[in-house]
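my questions concern the predicted model and sequence given below.
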Amino acid sequence: MVSIQSLRNRLVGLLDTYKELESQSQLKVDELAKCKLERLKYESQLSELYNALTRKERQLEDIEQKIRENETKTLELDKSAAECQKTSEFLTEKLQTRDDVIEELQSRTEDAKARTVSAAQTYSATIDRLRDAQTASERLEKREEELQRVVQELEKESALLTAKIARMDAYVAEANARQAALEEAVSELSERLDSANARTNEAENAAEELSLELAFLEEEANDWKQKGLQLQQQLDMMRITMQTV
């Protein structure tokens, strides 16, 4: 028959085990709360990174829109330069025709001088025509100079736009690099969040197992307590019986 002291010792051991399990359970609960706080922190950081990534995407879209606008302006400038080139070629042909006309008039004038003095009137008229042609030639030369200045200005503006596009390309490359870094940081935080979630699940499962074990030990402790009371009652009855005898 099991002695009262043995039962008491076992009951004390069960109580110590119960206290130890209760302490471990509290530690697990504290660790679970800490994991939840860390998870909230990671979720906040992840949200901030997503917002920053969204802002960078919008800035990148604005830059791409500006690049498209500059490309359109560059095409328009190229078109204007081509038209100026055509005009310059046309004027060059006109100048060549003018030179041919002058040579023909000079030849006719020399022939008129050689044939007759009475051709002086014709010669004067020819001189007038030459002067008119010369005036027209000067006007064409001035027009050509103006067109050349316009072409030079267009070339300068095109060079400026090309440099600006190069700077924008560099800015886009920098934005892409920063976006890649943000995506890498987001991926790293996601992995850390997954790890934290896994640890949280493990802590929750451990806490649940400890709760079940604790309930079982409480039930077993109550059983042993009842058995101890019954044994104490039997012992008291035996003492009374022995005293009576």
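Perfect, I can see it now. Computed from a predicted model, the values in this text were never measured in an experiment.

tell me the centre residue of the protein?
Gln179 (3.7 Å; CA atoms, centre = their mean).

how far away from the center of its chain is the lengthiest helix in the chain?
Counting residues, the longest helix found in the chain (DSSP state H) is helix 120-244. Its chain's C-alpha centre and that of helix 120-244 lie 5 Å apart, by CA atoms, centre = their mean, to the nearest Å.

rounded mean pLDDT for that helix, please.
Mean pLDDT, helix 120-244: 73.

who does it touch, helix- and strand-wise?
Other helices and strands packing on helix 120-244, by 3 or more CB pairs under 8 Å, 6 or more residues apart in numbering; DSSP states H and E, are helix 4-115. (C-beta placed from N, C-alpha, C; glycine too.)

just want the angle from the helix it packs on to helix 120-244.
On the basis of axes from the mean of the first three to the mean of the last three CA atoms, to 10 degrees, helix 4-115 is oriented at 180 degrees to helix 120-244.

report all helices and strands that helix 4-115 contacts.
So helix 4-115, by 3+ CB pairs under 8 Å, 6+ apart, packs with helix 120-244.

hang on, the residue nearest to the centre of the chain packs against Arg58?
No: if you go by CB atoms under 8 Å, Gln179 and Arg58 don't touch, sitting 11.6 Å apart.

now do the buried residues in stretch 149-169.
Val151, Ser158 (16 or more other CB atoms under 10 Å).

could you do stretch 58-76 as well?
So stretch 58-76, judged by 16+ other CB under 10 Å, has buried residues Leu60, Ile67, Thr74.

give me the pLDDT for the nearest residue to the residue nearest to the centre of the chain once chain neighbours are set aside.
In this structure, Gln179 finds its nearest non-sequential neighbour in Lys56, 5.4 Å apart by CB to CB, 6 or more residues apart in numbering. According to the prediction, Lys56 has pLDDT 79.
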